[in-house]
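Make a model of this:
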Amino acid sequence: QVHLVESGGGLVQAGDSLRLSCAASGRIFSSTVVGWFRQAPGKEREFVASISTSGGITVYADSVKGRFTISRDNAKNTVYLQMVGLKPEDTAVYYCALTWGRGLRVTSSGEYFYWGQGTQVTVSS
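Residues are numbered from 1 along each chain as shown. The predicted structure is shown next:
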């Protein structure tokens, strides 16, 4: 069983930065692809970023490219999402998720097996 716990969300102003963390239990972490997704009120959950097992391959949604950076520390079983230049449209609940056996660039939420409970990010204008 794998448990994921997100942290680092909060209320910030437009242009500010936040770093989200996703801490995972279980020994399989280093063999998994990790993704960040977000869901705003009344909207579908959308892909934000993903990172391959070693961290060598990252994928970003166009809406966050150049502003968000995903990274991982397998020794700490943790994945990070550094967010800079936050905009009000980034307001959402952010979730991390794990998958394996689906390739190294996984952007579809349906391909992920385990999910965290989410952390709220609110960006005021």
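
Which secondary structure state is assigned to the residue positioned nearest the centre of the chain?
The chain has W36 as the residue nearest its centroid, 2.2 Å off, counting by Cα atoms, centre = their mean. Secondary structure state of W36, per DSSP: H, G, I helix; E, B strand; the rest coil, is strand.

Which residue, other than its chain neighbours, is closest to it?
Taking Cβ to Cβ, 6 or more residues apart in numbering, and ignoring the residues beside it in sequence, W36 has V48 as its nearest neighbour in space, at 4.2 Å. Glycine gets a C-beta too; all of them are placed from N, C-alpha and C.

Go ahead and confirm the one you found touches Q82.
No - if you go by Cβ atoms under 8 Å, V48 and Q82 don't touch, sitting 11.9 Å apart.

And the strands in this protein?
Along the chain, counting by DSSP state E, strands occupy 4-7, 10-13, 18-24, 33-39, 46-51, 58-60, 68-73, 78-83, 92-99, 114-115, 119-124.

looking at those strands, which is closest to S108?
Minimum separation from S108 across the strands of the chain (Cβ to Cβ) falls at strand 46-51, 7.4 Å.

Settle this for me: L18 is touching G85, isn't it.
No - the criterion here is Cβ under 8 Å, and L18 misses it with G85 at 10.8 Å.
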